[in-house]
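S.K.: quick check, what structure comes out for this input:
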Amino acid sequence: MSASLLLVGVLSVVIAALSRHYNLSAPLVLVLAGLAIGWIPGLSAAELDPDFVLFVILPPLLYSAAQDSSYQEIRANRRAIGMLAIGLPLATAVVVGLVAYASVPHLPLAAALVLGAVVAPPDAVSAQAIGRKVGLPRRIMTLLGGESLLNDATALTALRVALAAAVGATTSVWDGIETFLLAAIGGVVIGLLIGYLVFRVRDWLSDPTIETAIGLMVPFATYFVAEELHTSGVIAVVVAGLFIGQRSVRVGYATRLQDEAVRKSIDALLEAFVFLLIGLQLPDLIRGLAGQSWLHIAFDAAMVLIATILVRFAWVYLFTYASRLLPGVRRREPPPKPSWLFVVGWSGMRGVVSLAAAFSIPLTTESGEPFPARAEILFLTFVVVVGTLLIQGVSLPWVIRRLGVCDNDDATDRLAYAAAQDRASREAEAYLDTMASDIGDHDPRHLQVAMLRKWITTQRNTAWEELGRGPEDIGESPTAAGNRMRSKMLAIQRKVFIDERDAGHIDDEVLRTALRRLDFAEGTNDREA
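M.R.: You can find the predicted model right below:
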(Lines give C-alpha, C1' and ligand atoms only; values in the text may rest on other atoms or scores of the structure.)
Protein backbone atom coordinates (compact mmCIF):
# COMPACT_ATOMS: atom_id res chain seq x y z
CA MET A 1 0.00 0.00 0.00
CA SER A 2 2.76 2.46 0.93
CA ALA A 3 4.69 1.61 -2.25
CA SER A 4 1.57 2.19 -4.34
CA LEU A 5 0.95 5.59 -2.73
CA LEU A 6 4.59 6.53 -3.24
CA LEU A 7 4.34 5.61 -6.92
CA VAL A 8 1.11 7.62 -7.24
CA GLY A 9 2.82 10.60 -5.63
CA VAL A 10 5.81 10.48 -7.96
CA LEU A 11 3.66 10.03 -11.08
CA SER A 12 1.29 12.81 -10.04
CA VAL A 13 4.11 15.33 -9.68
CA VAL A 14 5.64 14.34 -13.04
CA ILE A 15 2.29 14.58 -14.87
CA ALA A 16 1.39 17.87 -13.14
CA ALA A 17 4.78 19.34 -14.07
CA LEU A 18 4.35 18.38 -17.74
CA SER A 19 0.78 19.75 -17.75
CA ARG A 20 1.84 23.09 -16.32
CA HIS A 21 4.81 23.28 -18.69
CA TYR A 22 2.56 22.80 -21.73
CA ASN A 23 -0.20 25.04 -20.30
CA LEU A 24 -2.73 22.21 -19.92
CA SER A 25 -5.35 21.77 -17.18
CA ALA A 26 -3.44 19.67 -14.66
CA PRO A 27 -6.53 18.31 -12.80
CA LEU A 28 -8.11 17.03 -16.02
CA VAL A 29 -4.88 15.54 -17.37
CA LEU A 30 -4.25 13.81 -14.02
CA VAL A 31 -7.74 12.28 -13.94
CA LEU A 32 -7.42 11.00 -17.51
CA ALA A 33 -3.94 9.65 -16.79
CA GLY A 34 -5.30 7.84 -13.73
CA LEU A 35 -8.08 6.32 -15.83
CA ALA A 36 -5.52 5.04 -18.34
CA ILE A 37 -3.08 3.74 -15.73
CA GLY A 38 -5.85 1.97 -13.81
CA TRP A 39 -6.50 -0.36 -16.76
CA ILE A 40 -2.90 -1.56 -17.12
CA PRO A 41 -3.03 -5.37 -16.61
CA GLY A 42 -1.30 -6.68 -13.53
CA LEU A 43 -0.97 -3.28 -11.88
CA SER A 44 -2.35 -3.22 -8.35
CA ALA A 45 -4.53 -0.17 -7.85
CA ALA A 46 -3.88 2.28 -5.03
CA GLU A 47 -7.06 2.15 -2.98
CA LEU A 48 -8.60 5.38 -1.81
CA ASP A 49 -8.67 5.28 1.99
CA PRO A 50 -11.34 7.76 3.16
CA ASP A 51 -9.55 8.38 6.47
CA PHE A 52 -6.36 9.15 4.59
CA VAL A 53 -8.16 11.72 2.45
CA LEU A 54 -10.21 13.30 5.24
CA PHE A 55 -7.41 13.39 7.84
CA VAL A 56 -4.28 13.86 5.69
CA ILE A 57 -5.25 15.42 2.34
CA LEU A 58 -8.21 17.67 3.15
CA PRO A 59 -6.96 19.61 6.25
CA PRO A 60 -3.81 21.18 4.72
CA LEU A 61 -5.66 22.15 1.52
CA LEU A 62 -8.46 23.80 3.50
CA TYR A 63 -5.99 25.49 5.83
CA SER A 64 -3.97 26.90 2.94
CA ALA A 65 -7.09 28.14 1.14
CA ALA A 66 -8.30 29.80 4.36
CA GLN A 67 -4.97 31.56 4.86
CA ASP A 68 -5.11 32.92 1.31
CA SER A 69 -8.69 34.12 1.74
CA SER A 70 -9.71 37.62 2.71
CA TYR A 71 -11.81 37.84 5.85
CA GLN A 72 -13.05 41.27 4.76
CA GLU A 73 -14.18 39.97 1.36
CA ILE A 74 -15.86 36.93 2.88
CA ARG A 75 -17.64 39.09 5.44
CA ALA A 76 -18.80 41.51 2.73
CA ASN A 77 -20.24 38.59 0.71
CA ARG A 78 -21.41 36.48 3.66
CA ARG A 79 -25.02 36.25 2.49
CA ALA A 80 -24.15 34.90 -0.96
CA ILE A 81 -21.45 32.61 0.43
CA GLY A 82 -23.85 31.27 3.04
CA MET A 83 -26.38 30.45 0.33
CA LEU A 84 -23.72 28.59 -1.66
CA ALA A 85 -21.88 26.92 1.21
CA ILE A 86 -24.81 25.94 3.45
CA GLY A 87 -28.07 26.13 1.53
CA LEU A 88 -26.84 24.69 -1.79
CA PRO A 89 -25.21 21.48 -0.41
CA LEU A 90 -28.38 20.70 1.56
CA ALA A 91 -30.57 21.37 -1.48
CA THR A 92 -28.27 19.24 -3.65
CA ALA A 93 -28.40 16.37 -1.17
CA VAL A 94 -32.21 16.40 -1.18
CA VAL A 95 -32.76 16.89 -4.93
CA VAL A 96 -30.10 14.41 -6.09
CA GLY A 97 -31.28 11.96 -3.45
CA LEU A 98 -34.85 12.13 -4.71
CA VAL A 99 -33.73 11.75 -8.34
CA ALA A 100 -31.62 8.71 -7.44
CA TYR A 101 -34.49 7.24 -5.39
CA ALA A 102 -36.80 7.57 -8.39
CA SER A 103 -34.35 6.19 -10.98
CA VAL A 104 -32.11 3.62 -9.26
CA PRO A 105 -33.92 0.31 -8.59
CA HIS A 106 -33.90 -1.13 -5.06
CA LEU A 107 -32.38 2.04 -3.58
CA PRO A 108 -34.05 3.05 -0.28
CA LEU A 109 -34.72 6.74 0.30
CA ALA A 110 -32.19 6.99 3.14
CA ALA A 111 -29.46 5.46 0.98
CA ALA A 112 -30.41 7.78 -1.89
CA LEU A 113 -30.02 10.77 0.43
CA VAL A 114 -26.58 9.40 1.35
CA LEU A 115 -25.67 9.59 -2.34
CA GLY A 116 -27.03 13.14 -2.50
CA ALA A 117 -24.92 14.21 0.47
CA VAL A 118 -21.84 12.53 -1.01
CA VAL A 119 -21.98 14.47 -4.30
CA ALA A 120 -23.16 17.73 -2.70
CA PRO A 121 -19.83 19.57 -2.08
CA PRO A 122 -18.15 21.08 -5.16
CA ASP A 123 -14.37 21.08 -5.23
CA ALA A 124 -13.33 24.63 -6.07
CA VAL A 125 -9.63 23.80 -6.52
CA SER A 126 -9.87 23.42 -10.29
CA ALA A 127 -12.46 26.21 -10.64
CA GLN A 128 -10.27 28.68 -8.76
CA ALA A 129 -7.18 27.61 -10.70
CA ILE A 130 -9.00 28.25 -13.99
CA GLY A 131 -10.43 31.50 -12.67
CA ARG A 132 -7.01 32.84 -11.69
CA LYS A 133 -5.59 31.91 -15.09
CA VAL A 134 -8.31 33.61 -17.15
CA GLY A 135 -8.80 36.56 -14.79
CA LEU A 136 -12.20 36.07 -13.15
CA PRO A 137 -13.48 39.10 -11.21
CA ARG A 138 -12.53 39.11 -7.56
CA ARG A 139 -16.14 38.87 -6.38
CA ILE A 140 -16.64 35.57 -8.23
CA MET A 141 -13.33 34.24 -6.90
CA THR A 142 -14.39 35.25 -3.38
CA LEU A 143 -17.72 33.45 -3.76
CA LEU A 144 -16.07 30.27 -5.07
CA GLY A 145 -13.34 30.40 -2.45
CA GLY A 146 -15.72 31.08 0.43
CA GLU A 147 -18.03 28.32 -0.77
CA SER A 148 -15.19 25.79 -0.93
CA LEU A 149 -14.13 26.60 2.63
CA LEU A 150 -17.50 25.74 4.19
CA ASN A 151 -19.47 23.47 1.87
CA ASP A 152 -17.46 20.38 2.84
CA ALA A 153 -18.53 20.82 6.45
CA THR A 154 -22.19 21.16 5.44
CA ALA A 155 -22.14 18.14 3.16
CA LEU A 156 -20.16 15.88 5.52
CA THR A 157 -22.47 16.74 8.41
CA ALA A 158 -25.50 16.00 6.22
CA LEU A 159 -23.83 12.72 5.24
CA ARG A 160 -23.42 11.82 8.90
CA VAL A 161 -27.16 12.31 9.48
CA ALA A 162 -28.14 10.43 6.30
CA LEU A 163 -25.86 7.51 7.17
CA ALA A 164 -27.37 7.26 10.62
CA ALA A 165 -30.80 6.86 9.04
CA ALA A 166 -29.57 4.46 6.35
CA VAL A 167 -27.81 2.04 8.72
CA GLY A 168 -30.74 2.00 11.15
CA ALA A 169 -29.41 4.20 13.92
CA THR A 170 -32.17 6.13 15.64
CA THR A 171 -32.34 9.68 14.34
CA SER A 172 -34.86 12.35 13.49
CA VAL A 173 -34.95 15.71 11.78
CA TRP A 174 -34.34 17.44 15.10
CA ASP A 175 -31.42 15.12 15.84
CA GLY A 176 -29.93 16.09 12.50
CA ILE A 177 -30.37 19.81 13.18
CA GLU A 178 -28.85 19.41 16.63
CA THR A 179 -25.89 17.47 15.18
CA PHE A 180 -25.32 20.14 12.55
CA LEU A 181 -25.46 23.05 15.02
CA LEU A 182 -23.17 21.34 17.53
CA ALA A 183 -20.69 20.49 14.78
CA ALA A 184 -20.70 24.04 13.41
CA ILE A 185 -20.54 25.92 16.74
CA GLY A 186 -18.01 23.52 18.22
CA GLY A 187 -15.83 23.77 15.10
CA VAL A 188 -15.82 27.57 15.27
CA VAL A 189 -14.89 27.60 18.96
CA ILE A 190 -12.10 25.03 18.57
CA GLY A 191 -10.74 26.79 15.48
CA LEU A 192 -10.62 30.15 17.27
CA LEU A 193 -8.95 28.69 20.36
CA ILE A 194 -6.27 26.81 18.42
CA GLY A 195 -5.73 29.74 16.04
CA TYR A 196 -5.21 32.17 18.92
CA LEU A 197 -2.91 29.76 20.79
CA VAL A 198 -0.77 29.07 17.71
CA PHE A 199 -0.52 32.77 16.89
CA ARG A 200 0.65 33.63 20.41
CA VAL A 201 3.19 30.79 20.47
CA ARG A 202 4.64 31.68 17.05
CA ASP A 203 4.82 35.34 17.99
CA TRP A 204 6.68 34.45 21.18
CA LEU A 205 9.18 32.15 19.42
CA SER A 206 10.42 34.53 16.68
CA ASP A 207 12.07 31.54 15.00
CA PRO A 208 11.02 31.26 11.31
CA THR A 209 12.01 27.60 10.92
CA ILE A 210 10.10 26.40 13.99
CA GLU A 211 7.19 28.75 13.25
CA THR A 212 6.77 27.18 9.82
CA ALA A 213 7.06 23.68 11.30
CA ILE A 214 4.30 24.52 13.79
CA GLY A 215 2.19 25.92 10.96
CA LEU A 216 2.49 22.61 9.09
CA MET A 217 1.04 20.75 12.07
CA VAL A 218 -1.86 23.14 12.71
CA PRO A 219 -4.38 21.75 10.17
CA PHE A 220 -3.84 18.12 11.19
CA ALA A 221 -3.99 18.80 14.92
CA THR A 222 -7.02 21.07 14.57
CA TYR A 223 -8.94 18.57 12.47
CA PHE A 224 -8.10 15.69 14.83
CA VAL A 225 -9.09 17.56 18.00
CA ALA A 226 -12.36 18.77 16.48
CA GLU A 227 -13.34 15.33 15.20
CA GLU A 228 -12.44 13.68 18.51
CA LEU A 229 -14.80 16.14 20.22
CA HIS A 230 -17.54 15.25 17.68
CA THR A 231 -17.55 18.69 16.07
CA SER A 232 -16.71 19.73 12.53
CA GLY A 233 -13.03 19.33 11.77
CA VAL A 234 -13.51 21.15 8.46
CA ILE A 235 -14.97 24.26 10.10
CA ALA A 236 -12.32 24.20 12.83
CA VAL A 237 -9.49 24.09 10.26
CA VAL A 238 -11.07 26.87 8.18
CA VAL A 239 -11.59 29.16 11.20
CA ALA A 240 -8.04 28.53 12.46
CA GLY A 241 -6.67 29.25 8.98
CA LEU A 242 -8.64 32.48 8.65
CA PHE A 243 -7.57 33.63 12.13
CA ILE A 244 -3.87 32.90 11.59
CA GLY A 245 -3.91 34.16 8.00
CA GLN A 246 -5.33 37.54 8.97
CA ARG A 247 -2.57 37.94 11.56
CA SER A 248 0.28 36.66 9.40
CA VAL A 249 0.90 40.25 8.26
CA ARG A 250 2.30 40.94 11.72
CA VAL A 251 4.90 38.13 11.77
CA GLY A 252 8.46 38.51 10.53
CA TYR A 253 9.10 38.68 6.81
CA ALA A 254 11.22 35.50 6.82
CA THR A 255 8.39 33.48 8.40
CA ARG A 256 5.86 34.90 5.96
CA LEU A 257 7.99 34.15 2.88
CA GLN A 258 8.87 30.68 4.14
CA ASP A 259 5.28 29.84 5.05
CA GLU A 260 3.97 30.78 1.62
CA ALA A 261 6.66 28.85 -0.26
CA VAL A 262 6.13 25.70 1.80
CA ARG A 263 2.33 25.89 1.57
CA LYS A 264 2.32 26.37 -2.19
CA SER A 265 4.60 23.37 -2.70
CA ILE A 266 2.47 21.15 -0.46
CA ASP A 267 -0.73 22.33 -2.18
CA ALA A 268 0.69 21.48 -5.61
CA LEU A 269 1.74 18.00 -4.43
CA LEU A 270 -1.55 17.14 -2.70
CA GLU A 271 -3.76 18.47 -5.50
CA ALA A 272 -1.84 16.49 -8.11
CA PHE A 273 -1.93 13.39 -5.90
CA VAL A 274 -5.68 13.40 -5.32
CA PHE A 275 -6.67 13.98 -8.95
CA LEU A 276 -4.51 11.09 -10.14
CA LEU A 277 -5.94 8.97 -7.34
CA ILE A 278 -9.47 9.74 -8.56
CA GLY A 279 -8.76 8.27 -11.97
CA LEU A 280 -7.20 5.12 -10.51
CA GLN A 281 -10.42 4.10 -8.73
CA LEU A 282 -12.46 3.19 -11.84
CA PRO A 283 -11.40 -0.47 -12.32
CA ASP A 284 -12.35 -1.47 -8.76
CA LEU A 285 -15.66 0.38 -9.04
CA ILE A 286 -16.56 -1.42 -12.25
CA ARG A 287 -15.65 -4.78 -10.76
CA GLY A 288 -18.11 -4.06 -7.96
CA LEU A 289 -20.92 -3.80 -10.54
CA ALA A 290 -20.26 -7.15 -12.21
CA GLY A 291 -23.43 -8.82 -13.51
CA GLN A 292 -25.59 -5.70 -13.64
CA SER A 293 -27.15 -4.13 -16.73
CA TRP A 294 -24.83 -1.42 -18.01
CA LEU A 295 -27.69 0.20 -19.91
CA HIS A 296 -29.58 0.79 -16.67
CA ILE A 297 -26.42 1.89 -14.88
CA ALA A 298 -25.63 4.39 -17.65
CA PHE A 299 -29.16 5.81 -17.45
CA ASP A 300 -28.96 6.13 -13.66
CA ALA A 301 -25.55 7.82 -13.91
CA ALA A 302 -26.80 10.29 -16.52
CA MET A 303 -29.82 11.20 -14.38
CA VAL A 304 -27.73 11.78 -11.26
CA LEU A 305 -25.09 13.78 -13.16
CA ILE A 306 -27.69 16.01 -14.83
CA ALA A 307 -29.50 16.57 -11.54
CA THR A 308 -26.23 17.52 -9.83
CA ILE A 309 -25.44 20.11 -12.50
CA LEU A 310 -28.95 21.56 -12.84
CA VAL A 311 -29.71 21.94 -9.14
CA ARG A 312 -26.74 24.31 -8.80
CA PHE A 313 -28.01 26.49 -11.64
CA ALA A 314 -31.53 26.52 -10.22
CA TRP A 315 -30.28 27.46 -6.76
CA VAL A 316 -27.93 30.22 -7.96
CA TYR A 317 -30.52 31.93 -10.14
CA LEU A 318 -33.49 31.40 -7.80
CA PHE A 319 -31.93 32.76 -4.62
CA THR A 320 -29.99 35.52 -6.36
CA TYR A 321 -33.11 37.04 -7.88
CA ALA A 322 -35.40 36.12 -4.99
CA SER A 323 -33.14 37.96 -2.54
CA ARG A 324 -33.34 41.05 -4.77
CA LEU A 325 -36.98 41.37 -3.69
CA LEU A 326 -35.74 42.49 -0.28
CA PRO A 327 -35.20 46.28 -0.12
CA GLY A 328 -32.09 45.92 2.05
CA VAL A 329 -30.37 43.65 -0.45
CA ARG A 330 -31.21 45.92 -3.39
CA ARG A 331 -29.83 48.88 -1.45
CA ARG A 332 -26.56 47.21 -0.43
CA GLU A 333 -25.70 45.16 -3.52
CA PRO A 334 -25.54 46.12 -7.22
CA PRO A 335 -27.68 44.11 -9.68
CA PRO A 336 -25.98 40.80 -10.59
CA LYS A 337 -24.76 40.28 -14.11
CA PRO A 338 -26.40 37.24 -15.78
CA SER A 339 -23.05 36.15 -17.22
CA TRP A 340 -21.52 36.13 -13.73
CA LEU A 341 -24.36 33.96 -12.42
CA PHE A 342 -23.86 31.49 -15.26
CA VAL A 343 -20.14 31.18 -14.51
CA VAL A 344 -20.84 30.56 -10.81
CA GLY A 345 -23.45 27.97 -11.76
CA TRP A 346 -21.06 26.26 -14.18
CA SER A 347 -18.22 26.13 -11.59
CA GLY A 348 -19.60 23.08 -9.79
CA MET A 349 -16.92 20.48 -10.42
CA ARG A 350 -16.72 17.69 -7.85
CA GLY A 351 -13.51 16.26 -6.43
CA VAL A 352 -11.83 13.89 -4.06
CA VAL A 353 -13.95 14.85 -1.02
CA SER A 354 -16.99 13.27 -2.68
CA LEU A 355 -15.08 10.07 -3.45
CA ALA A 356 -13.67 9.90 0.07
CA ALA A 357 -17.15 10.38 1.50
CA ALA A 358 -18.49 7.60 -0.74
CA PHE A 359 -15.76 5.17 0.31
CA SER A 360 -16.53 5.94 3.96
CA ILE A 361 -19.98 4.36 3.59
CA PRO A 362 -20.03 1.25 5.83
CA LEU A 363 -20.33 -2.21 4.33
CA THR A 364 -23.23 -3.23 6.58
CA THR A 365 -26.14 -1.69 8.46
CA GLU A 366 -26.83 -1.92 12.19
CA SER A 367 -28.68 -5.20 11.62
CA GLY A 368 -25.73 -6.77 9.80
CA GLU A 369 -27.32 -6.54 6.36
CA PRO A 370 -25.20 -5.28 3.44
CA PHE A 371 -25.51 -1.54 2.91
CA PRO A 372 -28.10 -1.12 0.14
CA ALA A 373 -26.66 -0.41 -3.32
CA ARG A 374 -23.25 0.55 -1.97
CA ALA A 375 -21.48 -0.41 -5.21
CA GLU A 376 -23.94 1.67 -7.25
CA ILE A 377 -23.44 4.68 -4.96
CA LEU A 378 -19.66 4.45 -5.37
CA PHE A 379 -19.90 4.22 -9.16
CA LEU A 380 -22.45 7.04 -9.45
CA THR A 381 -20.22 9.25 -7.31
CA PHE A 382 -17.29 8.50 -9.61
CA VAL A 383 -19.38 9.40 -12.66
CA VAL A 384 -20.41 12.71 -11.09
CA VAL A 385 -16.82 13.59 -10.14
CA VAL A 386 -15.26 12.71 -13.48
CA GLY A 387 -18.26 13.94 -15.48
CA THR A 388 -18.26 17.40 -13.93
CA LEU A 389 -14.46 17.66 -14.26
CA LEU A 390 -14.56 16.72 -17.94
CA ILE A 391 -17.73 18.57 -18.96
CA GLN A 392 -17.57 21.70 -16.84
CA GLY A 393 -13.83 21.78 -16.21
CA VAL A 394 -12.89 21.54 -19.88
CA SER A 395 -15.44 24.09 -21.03
CA LEU A 396 -15.17 26.61 -18.16
CA PRO A 397 -12.31 28.67 -19.69
CA TRP A 398 -14.23 28.87 -22.98
CA VAL A 399 -17.43 29.85 -21.16
CA ILE A 400 -15.62 32.61 -19.26
CA ARG A 401 -14.06 34.03 -22.41
CA ARG A 402 -17.23 33.62 -24.48
CA LEU A 403 -19.33 35.52 -21.93
CA GLY A 404 -16.66 38.15 -21.42
CA VAL A 405 -16.64 37.72 -17.66
CA CYS A 406 -13.76 39.95 -16.66
CA ASP A 407 -13.26 43.01 -14.52
CA ASN A 408 -10.79 45.82 -13.95
CA ASP A 409 -9.59 44.49 -10.58
CA ASP A 410 -5.96 44.81 -11.65
CA ALA A 411 -6.33 48.49 -12.55
CA THR A 412 -8.20 49.21 -9.32
CA ASP A 413 -5.56 47.34 -7.32
CA ARG A 414 -2.73 49.26 -8.98
CA LEU A 415 -4.40 52.59 -8.20
CA ALA A 416 -5.03 51.62 -4.57
CA TYR A 417 -1.46 50.35 -4.22
CA ALA A 418 0.02 53.50 -5.74
CA ALA A 419 -1.98 55.74 -3.39
CA ALA A 420 -1.03 53.67 -0.34
CA GLN A 421 2.62 53.53 -1.46
CA ASP A 422 2.63 57.31 -1.84
CA ARG A 423 1.38 57.73 1.73
CA ALA A 424 3.89 55.17 3.03
CA SER A 425 6.75 56.91 1.18
CA ARG A 426 5.82 60.28 2.66
CA GLU A 427 5.81 58.82 6.18
CA ALA A 428 9.22 57.23 5.57
CA GLU A 429 10.61 60.48 4.14
CA ALA A 430 9.38 62.39 7.20
CA TYR A 431 11.34 59.94 9.37
CA LEU A 432 14.43 60.40 7.17
CA ASP A 433 14.14 64.18 7.48
CA THR A 434 14.07 63.85 11.27
CA MET A 435 17.11 61.59 11.25
CA ALA A 436 19.01 63.81 8.77
CA SER A 437 18.45 66.88 10.95
CA ASP A 438 20.54 65.27 13.71
CA ILE A 439 23.43 64.34 11.40
CA GLY A 440 26.26 66.78 10.85
CA ASP A 441 27.22 68.06 7.40
CA HIS A 442 30.42 66.01 7.29
CA ASP A 443 28.94 62.86 8.81
CA PRO A 444 29.36 59.86 6.42
CA ARG A 445 25.85 58.75 7.37
CA HIS A 446 24.57 61.40 4.94
CA LEU A 447 25.38 58.96 2.15
CA GLN A 448 23.12 56.34 3.71
CA VAL A 449 20.30 58.88 4.04
CA ALA A 450 20.67 59.77 0.35
CA MET A 451 20.59 56.09 -0.66
CA LEU A 452 17.48 55.46 1.42
CA ARG A 453 15.78 58.56 0.02
CA LYS A 454 16.50 57.34 -3.52
CA TRP A 455 15.11 53.92 -2.68
CA ILE A 456 11.89 55.43 -1.33
CA THR A 457 11.54 57.61 -4.44
CA THR A 458 12.00 54.54 -6.64
CA GLN A 459 9.23 52.72 -4.78
CA ARG A 460 6.85 55.64 -5.30
CA ASN A 461 7.78 56.08 -8.97
CA THR A 462 7.35 52.37 -9.69
CA ALA A 463 3.85 52.36 -8.22
CA TRP A 464 2.74 55.37 -10.28
CA GLU A 465 4.44 54.14 -13.47
CA GLU A 466 2.32 50.98 -13.35
CA LEU A 467 -0.80 53.12 -13.83
CA GLY A 468 0.31 54.53 -17.16
CA ARG A 469 0.93 53.03 -20.55
CA GLY A 470 3.07 49.93 -20.87
CA PRO A 471 6.64 49.59 -22.17
CA GLU A 472 5.29 48.70 -25.62
CA ASP A 473 3.89 52.26 -25.84
CA ILE A 474 6.50 54.43 -24.15
CA GLY A 475 9.58 52.20 -24.05
CA GLU A 476 11.56 51.13 -20.99
CA SER A 477 10.94 53.32 -17.95
CA PRO A 478 13.86 54.52 -15.80
CA THR A 479 12.76 52.25 -12.95
CA ALA A 480 12.55 49.23 -15.25
CA ALA A 481 16.00 50.02 -16.63
CA GLY A 482 17.37 50.22 -13.09
CA ASN A 483 15.81 46.87 -12.18
CA ARG A 484 17.25 45.26 -15.32
CA MET A 485 20.75 46.54 -14.59
CA ARG A 486 20.51 45.52 -10.93
CA SER A 487 19.47 41.98 -11.97
CA LYS A 488 22.54 41.77 -14.23
CA MET A 489 24.80 43.00 -11.41
CA LEU A 490 23.36 40.38 -9.05
CA ALA A 491 23.95 37.66 -11.64
CA ILE A 492 27.57 38.78 -12.05
CA GLN A 493 28.14 38.69 -8.29
CA ARG A 494 26.52 35.27 -8.00
CA LYS A 495 28.84 33.88 -10.71
CA VAL A 496 31.90 35.27 -8.93
CA PHE A 497 30.93 33.64 -5.63
CA ILE A 498 30.34 30.29 -7.35
CA ASP A 499 33.69 30.55 -9.17
CA GLU A 500 35.38 31.35 -5.87
CA ARG A 501 33.88 28.22 -4.32
CA ASP A 502 34.88 26.08 -7.31
CA ALA A 503 38.45 27.43 -7.09
CA GLY A 504 38.63 26.47 -3.40
CA HIS A 505 38.91 30.04 -2.13
CA ILE A 506 35.69 29.83 -0.06
CA ASP A 507 33.75 26.85 1.27
CA ASP A 508 30.09 25.94 0.72
CA GLU A 509 28.89 27.57 3.94
CA VAL A 510 30.28 30.95 2.86
CA LEU A 511 28.75 30.43 -0.59
CA ARG A 512 25.33 29.64 0.87
CA THR A 513 25.46 32.80 3.03
CA ALA A 514 26.37 34.92 0.01
CA LEU A 515 23.71 33.36 -2.22
CA ARG A 516 21.05 33.80 0.45
CA ARG A 517 21.74 37.54 0.58
CA LEU A 518 21.80 37.82 -3.21
CA ASP A 519 18.58 35.79 -3.46
CA PHE A 520 16.77 38.15 -1.11
CA ALA A 521 18.05 41.12 -3.11
CA GLU A 522 16.91 39.52 -6.38
CA GLY A 523 13.54 38.66 -4.89
CA THR A 524 13.07 42.30 -3.91
CA ASN A 525 14.15 43.36 -7.37
CA ASP A 526 11.68 40.99 -9.05
CA ARG A 527 8.90 42.17 -6.77
CA GLU A 528 9.55 45.79 -7.70
CA ALA A 529 9.74 44.84 -11.39
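S.K.: longest helix in this structure, by number of residues?
M.R.: Longest helix in the chain, counting residues (DSSP state H): helix 173-205.
S.K.: after that one comes which helix or strand?
M.R.: helix 208-228 (DSSP states H and E).
S.K.: what strand or helix carries the residue lying farthest from the centre of the chain?
M.R.: Computed with Cα atoms, centre = their mean, the residue of the chain farthest from its C-alpha average is residue 442, at 56.0 Å. Remark: residue 442 resides in no helix or strand, with elements defined by DSSP H and E.
S.K.: ditto for the one 4 residues further on
M.R.: Element membership of residue 446, judged by DSSP H and E, is helix 445-465.
S.K.: and that helix, how far from the chain's centre?
M.R.: Per Cα atoms, centre = their mean, to the nearest Å, the displacement of helix 445-465 from the mean C-alpha position of its chain is 37 Å.
S.K.: confidence score at the residue farthest from the centre of the chain?
M.R.: We have a pLDDT of 73 for residue 442.
S.K.: residue 47 too?
M.R.: 68.
S.K.: again with residue 5
M.R.: 75.
S.K.: could you do residue 267 as well?
M.R.: We have a pLDDT of 86 for residue 267.
S.K.: got it, and residue 291?
M.R.: For residue 291, pLDDT reads 68.
S.K.: now the one 4 residues further on
M.R.: Confidence at residue 295, expressed as pLDDT, is 84.
S.K.: same question for residue 446.
M.R.: 75.
S.K.: that one against residue 436, yeah?
M.R.: Yes - using Cβ atoms under 8 Å, residue 446 makes contact with residue 436 at a distance of 7.3 Å. Heads up, the C-betas are built off the backbone N, CA and C, glycines and all.
S.K.: neighbour count for these two, which is higher?
M.R.: residue 436 (16 against 13; other Cβ atoms under 10 Å).
S.K.: doesn't residue 383 make contact with residue 355?
M.R.: No - taking contacts as Cβ under 8 Å, residue 355 lies outside contact range of residue 383: 11.1 Å.
S.K.: who's more crowded, those two?
M.R.: Set residue 355 next to residue 383 and count neighbours by other Cβ under 10 Å: residue 355 wins out with 27 against 22.
S.K.: residue contacts, the more buried one?
M.R.: Going by Cβ atoms under 8 Å, 6 or more residues apart in numbering, residue 355 touches 48, 53, 278, 281, 381-382, 385.
S.K.: please redo it, this time with the cut-off set to 6 Å
M.R.: 48, 385 (Cβ atoms under 6 Å, 6 or more residues apart in numbering).
S.K.: what does the pLDDT read for residue 465?
M.R.: 68.
S.K.: report how many residues lie close to the spatially closest residue to residue 205 that is not a sequence neighbour.
M.R.: With sequence-adjacent residues excluded and distances taken as Cβ to Cβ, 6 or more residues apart in numbering, residue 205 is closest to residue 211, at 5.8 Å. Other residues within reach of residue 211, judged by other Cβ under 10 Å, total 22.
S.K.: and if you look at the one 4 residues further on?
M.R.: Residue 215 has 22 neighbouring residues, counting by other Cβ under 10 Å.
S.K.: distance of it from residue 208?
M.R.: 10 Å (Cβ to Cβ, to the nearest Å).
S.K.: with residue 88 instead?
M.R.: On the measure of Cβ to Cβ, residue 88 and residue 208 end up 40 Å apart.
S.K.: looking only at neighbour counts, state which of those two leads.
M.R.: residue 88 (25 against 18).
S.K.: that one: what's it in contact with?
M.R.: So residue 88 contacts residue 315 (Cβ under 6 Å, 6+ apart).
S.K.: repeat that for the one 3 residues further on.
M.R.: Applying Cβ under 6 Å, 6+ apart to residue 91 gives the contacts residue 315.
S.K.: how about the host helix or strand of it: buried residues?
M.R.: Here residue 91 sits within helix 88-103, counting by DSSP H and E. For helix 88-103, a neighbour-count test (16 or more other Cβ atoms under 10 Å) marks 88-97, 99-101, 103 as buried.
S.K.: likewise stretch 438-457?
M.R.: 452-453, 456.
S.K.: let me have the residues you listed in TSV, extended by distance to residue 374 and pLDDT.
M.R.: Shown next, in TSV, are the buried residues of stretch 438-457 (distance: Cβ to Cβ, whole Å; pLDDT from 0 to 100):
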residue	distance to residue 374	pLDDT
452	69	80
453	72	82
456	66	82
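S.K.: a markdown table please, covering those residues and showing distance to residue 494.
M.R.: A markdown table is the format used below for the buried residues of stretch 438-457 (distance: Cβ to Cβ, whole Å):
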| residue | distance to residue 494 |
| --- | --- |
| 452 | 25 |
| 453 | 28 |
| 456 | 27 |
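S.K.: list just the nearest of these to residue 74.
M.R.: Closest to residue 74 out of those is residue 456 (34.1 Å), distances taken as Cβ to Cβ.
S.K.: before we move on, the earlier item: which of the buried residues of stretch 438-457 lies closest to residue 120?
M.R.: Taking Cβ to Cβ as the measure, residue 120 sits nearest to residue 456 out of the buried residues of stretch 438-457, at 52.5 Å.
S.K.: give me the distance between the most centrally placed residue in the chain and residue 427.
M.R.: The chain has residue 65 as the residue nearest its centroid, 4.1 Å off, counting by Cα atoms, centre = their mean. Using Cβ to Cβ, one gets 34 Å for the distance from residue 65 to residue 427.
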